[in-house]
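Chemist: Requesting a structural model of the entry that follows:
(2 chains)
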Protein chains: 2
Amino acid sequence: MPRLIDLSHTLVDGMPGFPGDPELRIATQETIASTGYNLALLRTTTHQGTHVDAPFHFFDDGQAIDRISLDRFFGPAALIDLAPGGELPPGARLTEETFAPWREVFRPGARVIYRTGWSRRFGSPEFFQDCPSLTLDAARWIAGRGTGLLGMDTPTPSTDWLECHRALLGAGVLIVEALANLEQLPPRFTFIGFPLKIGGRDGSPIRAVALVEDS
Amino acid sequence: MPRLIDLSHTLVDGMPGFPGDPELRIATQETIASTGYNLALLRTTTHQGTHVDAPFHFFDDGQAIDRISLDRFFGPAALIDLAPGGELPPGARLTEETFAPWREVFRPGARVIYRTGWSRRFGSPEFFQDCPSLTLDAARWIAGRGTGLLGMDTPTPSTDWLECHRALLGAGVLIVEALANLEQLPPRFTFIGFPLKIGGRDGSPIRAVALVEDS
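Modeler: Numbering: from 1, shown residues only, chains lettered A, B, ... in the order given. Sure, this is the predicted structure:
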């Protein structure tokens, strides 16, 4: 029987976004006493919590989130665990050499998720500022391999976010950020993470899920 | 090869919600000129566009959206087309008899989607006010069959929304509202529609997708 594993953080009021971006607001809009039903109102950026970046995030002429083919967000995926049972140190640099043992999983269109162990720091200041980061060369190498989707448990592929996002998104690599529970994944699984269909915009919060075949 | 069919409406600024609820706002928060990246800010209720209702929507002690098992939102589903090639008239009443030819698809835990042809009226005033509606008896019958998830191309299972939602959600039937493109579906498919993991709240916009095996 296939099993579903939740790869998403819970969205809660006050959750910080990327430094400088508005924090998440979740408020009670209606209650059973007021209208007969409970209803919440969210104020969220397109990049809150577990989310996906579209090329338009960094390129005005890049593909918007609602224009990307659904099959990019669903299908076979590989996990790269860079810190089995633990976590990488703050500021760890992820180079092409870091990924050498998994070189073959970076194929045209491949969905690749890497684990640093940093998901437990989700929401803390260091989560954004000191997270393990791809070098620009590594980002270019991943992009050059034709990778289709790159996911991670950090909030950005690199603290050198501008150049690194441009290298990946400019090559059409979709980026899924702030994944959770990656320690529960086997090396191969089916990734499911469809974005909301937000017309002409740059990304979307997602419910990322793994479908795992139990042996 | 399986094929993915998008069952979701596009979210755009100014899209109306259920009468009385705040409309959707999507604004440009940052641009490549301002910060180096495009970023949008959404103000949305938990029930905007294509979305799912959790029992907590109508019951303070009902299950919240982030507490519902993921497998409720993924798996085999049946389509009931009530108006093949066309649409039902305004105010059409959907009774137990309406569903009699499909009686056997309403099984414990089943995911059942019905099509009225009203998705092309999405966003218009009549979409909310005159849509084809379950009678309360029909809602109770569907709930009594142990149905797991009920989806539709109308914004509510009934304009008698209070009693009808209570009959369904009170029995644990999840409700997926305002689906699109149902005319593209075969009678059997795999439904995928995970909610955002909004802590302790009543529902979520979703990207609803069908996985269809081509013959």
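
Chemist: which helices and strands sit right next to the helix or strand harbouring A:A210?
Modeler: Assigned by DSSP states H and E, A:A210 belongs to strand A:209-213. The contact analysis (3 or more CB pairs under 8 Å, 6 or more residues apart in numbering or on different chains; DSSP states H and E) places strand A:209-213 against strand A:2-6, strand A:188-192. (Each C-beta comes from the backbone N, C-alpha and C, glycine too.)

Chemist: Does anything pack onto the last one? Which helices or strands?
Modeler: For strand A:188-192, the packing partners by 3+ CB pairs under 8 Å, 6+ apart come out as strand A:74-81, strand A:209-213.

Chemist: what would those look like in a markdown table with distance to B:R120 and mean pLDDT?
Modeler: What follows is the helices and strands packed on strand A:188-192, written out as a markdown table (distance: least, CB to CB, whole Å; pLDDT from 0 to 100):
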| stretch | distance to B:R120 | mean pLDDT |
| --- | --- | --- |
| strand A:74-81 | 27 | 98 |
| strand A:209-213 | 31 | 97 |
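
Chemist: could you dump those strands to JSON lines with mean neighbour count?
Modeler: JSON lines is the format used below for the helices and strands packed on strand A:188-192 (neighbours: other CB atoms under 10 Å in any protein chain shown):
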{"stretch": "strand A:74-81", "mean neighbour count": "19"}
{"stretch": "strand A:209-213", "mean neighbour count": "19"}
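
Chemist: Break down chain A into its helices, ranges please.
Modeler: Under the criterion DSSP state H, chain A contains helices at A:125-129, A:136-144, A:161-169.

Chemist: Let me have the ones you listed in JSON lines, extended by distance to A:P101, mean neighbour count and mean pLDDT.
Modeler: Compiled in JSON lines, the helices of chain A are given as follows (distance: least, CB to CB, whole Å; neighbours: other CB atoms under 10 Å in any protein chain shown; pLDDT from 0 to 100):
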{"stretch": "helix A:125-129", "distance to A:P101": "26", "mean neighbour count": "14", "mean pLDDT": "92"}
{"stretch": "helix A:136-144", "distance to A:P101": "14", "mean neighbour count": "19", "mean pLDDT": "98"}
{"stretch": "helix A:161-169", "distance to A:P101": "21", "mean neighbour count": "20", "mean pLDDT": "97"}
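
Chemist: Between the ones you listed, which one is closest to chain B.
Modeler: Among the helices of chain A, the nearest to chain B by CB to the nearest CB is helix A:161-169 (5.1 Å).

Chemist: how near is A:F191 to chain B?
Modeler: 12 Å (CB to the nearest CB, to the nearest Å).

Chemist: Now for the residue lying closest to A:G14 once chain neighbours are set aside: which residues touch it?
Modeler: Spatial nearest neighbour of A:G14, excluding adjacent residues (CB to CB, 6 or more residues apart in numbering or on different chains): A:E23 at 5.9 Å. Taking CB atoms under 8 Å, 6 or more residues apart in numbering or on different chains, we find A:E23 in contact with A:G14, A:M15, A:P16, A:G17.

Chemist: ok, 6 Å please
Modeler: Shown in contact with A:E23 (CB atoms under 6 Å, 6 or more residues apart in numbering or on different chains): A:G14, A:P16, A:G17.

Chemist: tally of neighbours for the last one?
Modeler: It refers to A:G17. Neighbours of A:G17 under the rule other CB atoms under 10 Å in any protein chain shown: 21.

Chemist: What of A:P101?
Modeler: Applying other CB under 10 Å, we find 10 residues neighbouring A:P101.
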